[in-house]
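# Turn this into a model:
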Amino acid sequence: MRVARSIVLSADQQEILESRGRARSAPARSVERARIILLAGAGLQDQQIAAELKITPEKAARWRNRFLDGGFAALDKDAPRPGRTPTITPAKVQEVIRKTTREKPDKATHWSTRNLAAQLGVSHMMVARVWRKHALRPHRLEGYMASNDPDFETKAADIIGLYLHPPQHAAVFCVDEKAAIQALDRKDPVLPLAPGRAERHGFEYYRHGTLSLYAAFNTKTGEVLGKTAARHTSAEFVAFLTDIVANQPRGKEIHVIADNLSAHKSQPVKAFLEAHKKVHLHFTPTYSSWLNQVELWFAKIERDVIARGVFTSLPDLKRKLMRYIRHYNQTPKTVKWKYFDPTRRITSQSAVTGH
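Now for the predicted structure:
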């Protein structure tokens, strides 16, 4: 048996290859190549690798040599295959882009690859390649709400300033309430997740009532102060502001970012602010809840607890919400705020990313 070229793997290479070899979502060829190199690194010859993986010795030798000559880049690259490579002219590419972005099909709201291919006399795979290369997704639809607030820039700049350059020795909280969270209990038992089968919930359910969840997101630490209430009223909002003050050192300056809900601008709220000169309320522009960082946290608790939760009563719903908050506060995470161009008016293209 001819002795093959030996492979000596570093610890990093070994770790990468083992990860590739275990990957379930990776292409089978990528997994197979990683296993070939792992076995070669363990000292096996091509005939032994072939027997282990049920491949030919020639294939084992080919990928051994490619890895030795080109590293991981060579493993990820397939050799050119015989046959004519399909081509599309730049003019045809532009026609695909123009028709996709500027026209609609006669009997549908958006193009499919097959409909557009039939219109242009090309293959649907060619249309798919052009769409993929130019990040065109006609099947996707996103909504947005444009703010009509005449003081949009002033309010937005005030809030972004609190995120990027918070006042020294002050606490900044993003506050809002998630109203009318339903305590839904399934009529039929939940069928658990199993190999080849998703978790299943029965269609019918019981309603045990609703709760509102007040949350204050500390922009410096990522911690959340939470409280449930039967309703979201001005009195409950004032009570929650009182809780925020009680959880901070006496006399500390507190900045609270909130939306334009009428309960946030009532006379009891104004009286509270008069009595607590260290508390400052900042309102987001109309239709601009995306400026409030607590909305990102609400999306997280919605995914983690509420959307698929089963709640046998209102106390059960409250217990699970507050337990989640306590668990989250053990390893809180702040929001990494990024604004692409502060010289321009904030638009729907502005980016907020949470981690």
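# just checking, what packs against the longest strand along the chain?
Longest strand in the chain, counting residues (DSSP state E): strand 170-186. Here strand 170-186 touches strand 205-218, helix 234-246, strand 253-258, helix 294-301, helix 314-328, going by 3 or more C-beta pairs under 8 Å, 6 or more residues apart in numbering; DSSP states H and E. From N, CA and C alone the C-beta is placed, and that goes for glycine too.
# what lines up beside it in the sheet?
Within its sheet, strand 170-186 is paired with strand 205-218 (antiparallel), strand 253-258 (parallel), according to DSSP bridges.
# deepest of those, which one?
Greatest average neighbour count among the strands paired with strand 170-186 goes to strand 253-258 (a mean of 21), per mean count of other C-beta atoms under 10 Å.
# which residues sit against the following helix or strand past that one?
Toward the C-terminus, strand 253-258 is succeeded by helix 267-275 as the next helix or strand (DSSP states H and E). Identification of contacts with helix 267-275 by C-beta atoms under 8 Å, 6 or more residues apart in numbering yields Ser234, Ala235, Phe237, Val238, Leu241, Thr242, Ala263, Val279, His280, Leu281.
# where are the low-confidence patches of the stretch 101-250 of the chain?
Judged against pLDDT under 70, the stretch 101-250 of the chain has no low-scoring part.
# Quote the end-to-end distance of stretch 135-147.
One end of stretch 135-147 to the other measures 27 Å (C-alpha to C-alpha, to the nearest Å).
# Could you list the buried residues of that stretch?
Neighbour counts over stretch 135-147 (16 or more other C-beta atoms under 10 Å) mark Leu136, Pro138, Ser147 as buried.
# which residues does the closest residue to Tyr205 other than its chain neighbours contact?
Nearest non-adjacent residue to Tyr205, counting by C-beta to C-beta, 6 or more residues apart in numbering: Leu184, 4.8 Å away. Residues counted as contacts of Leu184 (C-beta under 8 Å, 6+ apart) are Tyr205, Tyr206, Arg207, His208, Gly309, Val310, Phe311.
# Contacts for stretch 174-181 next, please.
Contacts of stretch 174-181 (C-beta under 8 Å, 6+ apart): 210-217, 219, 229, 232, 236-237, 240-241, 244, 256-259, 289, 292-295, 298, 301-302, 306, 317, 321.
# Report the residue ranges of every domain in the protein.
11-75, 90-133, 152-354 (automatic domain parsing).
# Quick one: closest of those to Glu142.
domain 152-354 (8.9 Å; C-beta to C-beta).
# now stretch 93-108, how far from the chain's geometric center?
Relative to the chain's own centre, stretch 93-108 is displaced by 30 Å; criterion: C-alpha atoms, centre = their mean, to the nearest Å.
# Actually, stretch 298-305.
Distance of stretch 298-305 from the chain centroid (C-alpha atoms, centre = their mean) equals 12 Å.
# again, but for stretch 311-327
That offset, for stretch 311-327, works out to 24 Å (C-alpha atoms, centre = their mean).
# go on, stretch 222-241?
In terms of C-alpha atoms, centre = their mean, the centre of stretch 222-241 is set 27 Å apart from its chain centre.
# Then stretch 250-257?
31 Å.
# Show me the contact partners of it.
Counting by C-beta under 8 Å, 6+ apart, residues outside stretch 250-257 touching it are 159, 162, 166-167, 169-175, 216, 241, 244-245, 248, 278-284, 291-293.
# re the thing from before, closest to Trp111 out of the helices and strands packed on strand 170-186?
Relative to Trp111, the nearest member of the helices and strands packed on strand 170-186 by C-beta to C-beta is helix 294-301, separated by 30.7 Å.
# contacting residues around that closest one?
Residues contacting helix 294-301 (C-beta under 8 Å, 6+ apart): 174-176, 178, 213, 215-217, 224, 289, 321, 324-325, 328, 335, 352, 354.
# Can you report how many residues lie near Leu225?
19 (other C-beta atoms under 10 Å).
# Quick check, it in contact with Ala215.
Yes - with contact defined as C-beta atoms under 8 Å, Leu225 reaches Ala215; the gap is 7.1 Å.
# Give me the distance from the longest helix seen in the chain to the chain's centre.
What stands out as the longest helix in the chain, according to DSSP state H, is helix 57-75. Mean C-alpha position of helix 57-75 versus that of the full chain (C-alpha atoms, centre = their mean) differs by 37 Å.
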